[in-house]
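Q: heads up, no residue letters with this:
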């Protein structure tokens, strides 16, 4: 959420940012919020003046009563009572206007980083760099669920009967591989100095609206009926929520955490052949990383976070590339975002396996995550990035380690987590 003071002083810059994100339908919100903000501050000033005047009158009443001037004192008491009713009305107006300002401000997108390329959607994202040599084997690579089924590693039919489409049973060595990847990713991040955490898998609505936009919330989150609780779509939500309404000394920063969780997503609009199998699903597990840092360090951490994901995939011999997300592909709270994509020998192209995001002070402003600095308090910056998210990551793993006879090679780094196995047959 943008600082209201910045919006007041730079309305044209905010409008230009909205245009860069191709959200012209939101341009009127800038003028709307400025108008409401003026009214809100006027009402607040009137209420403050009235409170000050009531305090003066109360002192006068006390003095008059001491002097025995009861008639004059009682007259002032009536005036105080009248002003109390007027103040109550002003306070109600103040609360309503403040809520309206906040609601509109939460719809105005964050100011994007100057390095973000301008584009309408993900088709205009810009490739930055490739890591590893993509290989297409001479034999045909089957669809990922066919690879799993040949190894008795997945049962989609039973999952449909139990939970519907978008769910799965992983079995045997494939299930073990899934857990091995998560465990390896956990230790990989711990070795890089991150603190391991298992967070709550449900969060309250005030945390939900603190970490994402209304549009994301509607398309992703599952609501627990009858309770103020939502199932998390990623552990980033509860990990950032951990710092809600807190003040930290500057020398405590940064906080670097890596978290495991199951994730639950509606996945509205998923369709097409690549949505079959376990590519887009309602339930999966994930190892995440988050950073809470000083504003002048967030760009450095952004580069360090995505590099962690690249390094992990390369340690498992999976070729990857990085894509800078264009302005139209950025969620409203994001300042900058970079996708990590893994090579798919079957599709002969790359596909997304992780996303690194710098949210500036957007989440911190909503959740009141503040820092005590030398020159006063300020809002922290928050970042997040996917370490691995199997079973989607398994697609890349299986395709890149598949042998012609249908067996799967286990990279050296993963063998300790697979009981020393070198191959799955």
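A: On my side now, so go ahead. On a predicted model such as this, the values are computed, not experimentally measured, just so you know.
Q: quick one: the host helix or strand of residue 49 to chain centroid distance?
A: Taking DSSP states H and E as the criterion, residue 49 maps to helix 27-66. Centre-to-centre, helix 27-66 and its host chain are 37 Å apart (Cα atoms, centre = their mean, to the nearest Å).
Q: pass me the low-pLDDT residue ranges in the stretch 201-350 of the chain, would you?
A: 268-276 (pLDDT under 70).
Q: how about a cut-off of 50?
A: Low-confidence segments of the stretch 201-350 of the chain, defined by pLDDT under 50: 271-274.
Q: what pLDDT does residue 374 get?
A: pLDDT recorded at residue 374 is 89.
Q: that one reaches residue 250, doesn't it?
A: Yes. Between residue 374 and residue 250 there is a contact under Cβ atoms under 8 Å: 7.2 Å. All C-beta spots, glycine's among them, are computed from the backbone N, C-alpha and C.
Q: okay, those two: which has more neighbours?
A: A count of neighbours by other Cβ atoms under 10 Å puts residue 250 above the other of residue 374 and residue 250, at 12 against 5.
Q: now the closest residue to that one other than its chain neighbours: how far from residue 240?
A: Sequence neighbours aside, residue 373 is the residue nearest to residue 250 in space, at 4.8 Å (criterion: Cβ to Cβ, 6 or more residues apart in numbering). Using Cβ to Cβ, to the nearest Å, residue 373 is found at 20 Å from residue 240.
Q: higher neighbour count, these two?
A: residue 240 (28 against 14).
Q: which element is the more buried one on?
A: helix 235-241.
Q: how far does that helix sit from the chain's center?
A: 8 Å.
Q: tell me the first helix or strand C-terminal of that helix.
A: Next along the chain after helix 235-241, taking DSSP H and E as the criterion, comes strand 246-249.
Q: please name every helix or strand in contact with that next one.
A: Under the contact definition 3 or more Cβ pairs under 8 Å, 6 or more residues apart in numbering; DSSP states H and E, strand 246-249 sits against strand 369-373.
Q: in the strand it packs on, what's buried?
A: 369-371 (16 or more other Cβ atoms under 10 Å).
Q: ditto for stretch 235-248
A: 235-244.
Q: next: stretch 299-311.
A: 299, 301-302, 304-310.
Q: how far is that stretch from where the chain is centred?
A: 16 Å.
Q: looks like residue 24 contacts residue 17 (just checking).
A: No. With contact defined as Cβ under 8 Å, residue 24 does not reach residue 17; the gap is 11.8 Å.
Q: of these two, who's got more company?
A: residue 17 (19 against 10).
Q: give me the nearest residue to that one, chain neighbours excluded.
A: In space, residue 17 is closest to residue 111, 5.2 Å off (Cβ to Cβ, 6+ apart).
Q: so that neighbour sits in a strand?
A: No. Using DSSP: H, G, I helix; E, B strand; the rest coil, the assignment for residue 111 is coil, not a strand.
Q: what about residue 148, neighbour count?
A: Neighbours of residue 148 (other Cβ under 10 Å): 29.
Q: any idea how far whatever helix or strand it lives in is from the chain center?
A: Here residue 148 sits within helix 144-150, counting by DSSP H and E. Chain-centre distance of helix 144-150: 32 Å, with Cα atoms, centre = their mean.
Q: please spell out which residue in this protein sits farthest from the middle.
A: Going by Cα atoms, centre = their mean, the residue of the chain most distant from its centre is residue 68, 65.2 Å out.
Q: now the helix or strand encompassing residue 95: buried residues?
A: Assigned by DSSP H and E, residue 95 belongs to helix 70-105. Buried residues in helix 70-105, counting neighbours by 16+ other Cβ under 10 Å, are found at 73, 76-77, 80, 83, 87, 90, 93-94, 97-98, 100-101, 104-105.
Q: mind checking the pLDDT average for that helix?
A: 81.
Q: any idea what residue 249 is bridged to?
A: Per DSSP bridges, the residues bridged to residue 249 are residue 372.
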